[in-house]
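S.K.: With the sequence up front, the predicted model follows.
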Amino acid sequence: MDLHLSHLLIGGYILSNILLTFLPKSWFSNLKFFYPLVIVDTGIVSFGMYLSEKMTTDFYLVFFLIIIFASISRNFKLLMTIGGITAFLYGVLLYSWGLLTSENSSSYTLRIPFIFIMTAFYGYIVQTLTREKRHELTISEDKYRGLFENANDGIILLRNPQLQIADVNREVEKVTGYTPKELFRKEILDLFGPEEIEKARSFFKEVAEKGEGRADYLSLMKKDGSSLEVDLSTKRIDLGDESFYQIIFRDLTDQRKLEKKIRQSKRNLEAIFDGIRDQFSLQAPDYEILRVNKAVIENYQRTYQELIGRKCYEAYYQRSIPCERCPVSVTVETRKPASSLIKSPDRDTIYQIFSYPILDEKENLISVIEYVKDITEEQRLQEQLIQSEKLAGIGILASGVTHEINNPLSGIIGMAEVALEEEDPFKNKDYLRDILNCAQRIGEIVKGLKSYSRAAKKEDLSPVNLNEVLEESLKMVRLAIKPASVEVIKKFQSNEKIQVNTGEIQQVFTNLITNAFQSMDGKGGKLVLSTRSLKDLVEVKVSDDGMGIPQKYLSQIFDPFFTTKKLGEGTGLGLNIVYRIVTKYEGTIDVESKDQVGTTFTIKFPIRRAES
Amino acid sequence: MKGKVLIVDDEEVIRKFLRIHLDKLGYEVMEAADGEQAIEQLGKDDFDLLICDILMPKKDGWEVIKEAKSNPKTKNIPVIVLTAKNEDSDMFKGYDLGASYYMTKPFTKGQLLYGLKLMLEEPLSSL
């Protein structure tokens, strides 16, 4: 048998194709490599056959048949079986034609294994190729399936247009309580409760028109009948000839509950805010009004629109600059609460204004709460209380004064009677001197009373020297209670004058001195009255060495109606009034006391410099 | 001497005119300006009458009367209370403590004489 070129070509072809199978499989999935390979491959074998001059139509036919089989067959075993059967049948055909027994039989005989090998080769390539493809697809599908299943959002796939559930992810299963099987039997509208169904229906109608849509604040009904609060977004997806809606939602039930609570508590706060009869407003540090309650609206007879967003001094008082003594300006500056009393110029009303800062985490001032309290009535009652305590004091004073006047009066009457019967002018002169003396004493007492009556007047603030008031008060108390031998020590070191109502300050001192005398209870003792200046303060001390105040009462002594005296002897208002008056002038009062050792009251008044 | 009278009052002018009246009537008069002095005097001398003020330094009149009435030596001395305390409750307190007569300031010579008549049987017309 000659070694013809055609044999070399076909043999080389088979060999090279076997070698080709060792190439990386991914090369074959690259079509730019695969198609030229098939063309060159086929070309080589065709040319080989052409050269062998033995090429016949029947072989071409079988050859192309194999290529077609190989390219459509997915099953490698089936392909090889077909290849085998074809090779066999072709062998039978060649034999029946007598070609296998001719002298050129070798070139025909070669065709039979050639068919088989060729089938195997193409089959292998196609197999490799499809396996690669499938592998890739599997990877990407797994990837997307994972995203779908593990998404934190519920995802539902609906068939269009039936709206029947086609697929759901795990989140849907978890939040609705339904199994996927139960869901696949449902339409999406079955998942909505009766109150929501109309809303849902119109939503999906809209989605059908636009191809997508979004609906917030919907509630789905869970398997257990409870509601599932969601925001939904839907988009139509076309997959080949099938069309779906993809629904994505998130379980917002807890968040919605929280939102509801927040809304409710906001409403509560607003109701409280509006319900307070005092005026409340929220202002920015630049005095812009951010919020006001109803009391403000009613007080100024303006609408919300007329107030919100404007500067408070413009909106309320038609001013161009902030008001004097405005506590908000103090708070803006210091970031601390402030308060002040303001008397309304147009009405006879007294307001106490408080301001409180609202700070952020970095302690920056974001806004200021202004709280305006009408204290006209409170002030009036306080005045009344002070007044009535004063009247009670006058009562006590009156009985003291009676005694004090009756003594010299007795002297006058007695001496006058004696003088009437006395002829001796020298003796009479002596008696008349006694009478004059007694009369003058009465005059002094009456003069002392005048200063007490001054206390009855209101609102007359004047610069007052506290030493003088202490002196006068001491005189008054001496009139009211006849003290045992009390040694009074005065240490007046301050001549500072403070702007107060003399009567009220006298009321403070007479109360304290009276208590001091009473605590010494006829046994005698030492009373120290002292004043001294401290920076911006005047300090007054009233100190005795009497019985002292028991420790357990110290915290209550300034409370109204607290008294340790017997019923009818004390009103329990004295020290309370003292406290009220002292704090009215922004002063402070402290007490130190030791049982059986003595008591010291210390009052500090701020020195009020001239004020506009 | 008709008898010995102790006048207790912190008011000098009152002691003075009382002394003038009593001197004229022929009584021996002693004075005390406060409660302590009065008790001291009571201990030292025998008196036929005690005229006592109530509101006084150191010891008040009530204490003087209590002291006098609790001492067997002095408990029979009649007491005239002489005071500016003019409420009924004070008067009853005085009588309770054993005072015999209660005079409120200001008073007249006539009132004093009436007291003396009751206590010492001094005739009203004697002055």
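M.R.: Arrived safely.
S.K.: Quick check, pLDDT for residue A:490.
M.R.: At residue A:490, the model reports a pLDDT of 90.
S.K.: Report the secondary structure state of it.
M.R.: Secondary structure for residue A:490, judged by DSSP: H, G, I helix; E, B strand; the rest coil, is strand.
S.K.: The residue lying closest to it once chain neighbours are set aside and chain B, how far apart?
M.R.: Spatially, and ignoring its direct neighbours in sequence, residue A:490 is nearest to residue A:529 (5.1 Å; C-beta to C-beta, 6 or more residues apart in numbering or on different chains). C-beta here means a position set from N, CA and C on the backbone, and glycine is covered the same way. Noted for residue A:529: a distance of 20 Å to chain B, by C-beta to the nearest C-beta, to the nearest Å.
S.K.: I figured residue A:529 hits residue A:489, correct?
M.R.: Yes - counting by C-beta atoms under 8 Å, residue A:529 touches residue A:489, with 7.3 Å between them.
S.K.: what about the two, which has more around it?
M.R.: Using other C-beta atoms under 10 Å in any protein chain shown as the criterion, residue A:529 and residue A:489 rank with residue A:529 on top: 23 against 10.
S.K.: Please tell me the pLDDT value assigned to that one.
M.R.: pLDDT at residue A:529 comes out at 93.
S.K.: OK, contacts around it?
M.R.: A:470, A:474, A:488-492, A:513, A:540-543 (C-beta atoms under 8 Å, 6 or more residues apart in numbering or on different chains).
S.K.: What is the subsequent helix or strand relative to the stretch of helix or strand it belongs to?
M.R.: Taking DSSP states H and E as the criterion, residue A:529 maps to strand A:525-534. Counting by DSSP H and E, the next helix or strand C-terminal to strand A:525-534 is strand A:537-544.
S.K.: CA atoms only for that next one, dumped as PDB, please.
M.R.: Extracted as PDB, the C-alpha positions of strand A:537-544 are listed here (Å, rounded to 0.1, in the frame of the first residue of the first chain):
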ATOM      1  CA  LEU A 537     -24.100  92.600  98.700                       C
ATOM      2  CA  VAL A 538     -25.100  93.900 102.100                       C
ATOM      3  CA  GLU A 539     -25.200  91.400 104.800                       C
ATOM      4  CA  VAL A 540     -27.400  91.700 107.900                       C
ATOM      5  CA  LYS A 541     -27.100  89.400 110.900                       C
ATOM      6  CA  VAL A 542     -29.500  89.000 113.700                       C
ATOM      7  CA  SER A 543     -28.000  86.800 116.300                       C
ATOM      8  CA  ASP A 544     -29.200  85.700 119.800                       C
END
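S.K.: which stretches of the stretch 451-600 of chain A form strands?
M.R.: A:462-465, A:486-492, A:497-500, A:525-534, A:537-544, A:588-594, A:598-606 (DSSP state E, counting those that start in this stretch).
S.K.: Tell me the buried residues in the helix or strand of chain B with the lowest mean pLDDT?
M.R.: One helix or strand of chain B scores below all others by mean pLDDT, DSSP states H and E: helix B:109-120, with a mean of 85. Buried residues in helix B:109-120, defined by neighbour count with 16 or more other C-beta atoms under 10 Å in any protein chain shown: B:109, B:112-116, B:119.
S.K.: rewinding a little: dump the strands of the stretch 451-600 of chain A into CSV; add distance to residue A:336 as well.
M.R.: Output for the strands of the stretch 451-600 of chain A, formatted as CSV (distance: least, C-beta to C-beta, whole Å):
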stretch, distance to residue A:336
strand A:462-465, 30
strand A:486-492, 36
strand A:497-500, 25
strand A:525-534, 23
strand A:537-544, 21
strand A:588-594, 19
strand A:598-606, 18
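S.K.: can you list the residues of chain B near chain A?
M.R.: B:11, B:13-14, B:16-18, B:20-21, B:55-58, B:60, B:84-86, B:104-109 (C-beta under 8 Å from any C-beta of the partner chain).
S.K.: buried stuff in stretch A:220-230?
M.R.: Buried residues in stretch A:220-230 (16+ other C-beta under 10 Å): A:220-222, A:227-230.
S.K.: count of neighbours near residue A:201?
M.R.: 13.
S.K.: do residue B:9 as well
M.R.: Using other C-beta under 10 Å, residue B:9 has 27 other residues around it.
S.K.: and if you look at residue A:79?
M.R.: 23.
S.K.: thought it was touching residue A:68?
M.R.: No - in this structure residue A:79 lies outside contact range of residue A:68 using C-beta under 8 Å: 11.1 Å.
S.K.: Could you check the pLDDT of residue 71?
M.R.: Went with chain A since none was named. pLDDT recorded at residue A:71 is 67.
S.K.: oops, I was thinking of chain B
M.R.: Confidence score, pLDDT, at residue B:71: 88.
S.K.: Residue A:9 too?
M.R.: 68.
S.K.: quick one on the thing from earlier: among the buried residues of stretch A:220-230, which are located in strands?
M.R.: A:220-221, A:227-230 (DSSP state E).
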